[in-house]
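*Asks:* Give me a model of this one.
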Amino acid sequence: MTANLALINDYRDLSLQMEETKESLHALIAQEQKKIRLKQFLKFLADDETLGAGSENASGQTLAELLFYTEYPLRKEFVYDYNKNRYVPSDQKPRIDLAELMTLLLQKSGMTAGCEELMDYVLQGGSVKDFMKSFPSDVY
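*Replies:* Residues are numbered from 1 along each chain as shown. The predicted structure follows:
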């Protein structure tokens, strides 16, 4: 009887491990799919002749200027300091979410669409220039 209970517990533990592994694999696959999608998007942007350095659309603004223009909310990361027993600002530079920055840039130009819509449009074969013309704008 005790051997049967131990066997049942072993099967239960094995079932839990399999479920955790399955969830981990799903998360890993989703992450890899996002990476592939991003690489494809960046490849399309690199091939888009309307975005070249010599094009009429090239702004030449630095990242700092774009952050200032969009009023990007720079977030200081906090870490727990065990000596002070509280959270303190990290010494690391803040991370910048480029998708969020792109969405803010689109909003500043009057677009109602965001970075996800831009990615979808470009990955379906459209150009950034056509995207800017085709989505509603609050400015015009």
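*Asks:* C-alpha only now, for contacts and for neighbours.
*Replies:* Will do.
*Asks:* Walk me through the domains of the protein.
*Replies:* When the chain is parsed with automatic domain parsing, its domains come out as 1-47, 60-140.
*Asks:* Adding mean neighbour count and mean pLDDT, write those out as TSV.
*Replies:* Listed next are the domains of the chain as TSV, based on neighbours: other CA atoms under 10 Å; pLDDT from 0 to 100:
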stretch	mean neighbour count	mean pLDDT
domain 1-47	12	87
domain 60-140	14	84
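*Asks:* just the strands in this structure please.
*Replies:* In the chain, the strands defined using DSSP state E lie at 78-81, 86-89.
*Asks:* could these be laid out in JSON lines, adding distance to Thr70?
*Replies:* JSON lines is the format used below for the strands of the chain (distance: least, CA to CA, whole Å):
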{"stretch": "strand 78-81", "distance to Thr70": "24"}
{"stretch": "strand 86-89", "distance to Thr70": "24"}
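*Asks:* contacting residues around the spatially most central residue of the chain?
*Replies:* Centre of the chain computed as the mean C-alpha position; nearest residue by CA atoms, centre = their mean is Ala99, 5.4 Å away. Applying CA atoms under 8 Å, 6 or more residues apart in numbering to Ala99 gives the contacts Cys115, Glu116.
*Asks:* now it: how far from Thr21?
*Replies:* 30 Å (CA to CA, to the nearest Å).
*Asks:* What of Phe41?
*Replies:* To Thr21, Phe41 is 30 Å away according to CA to CA.
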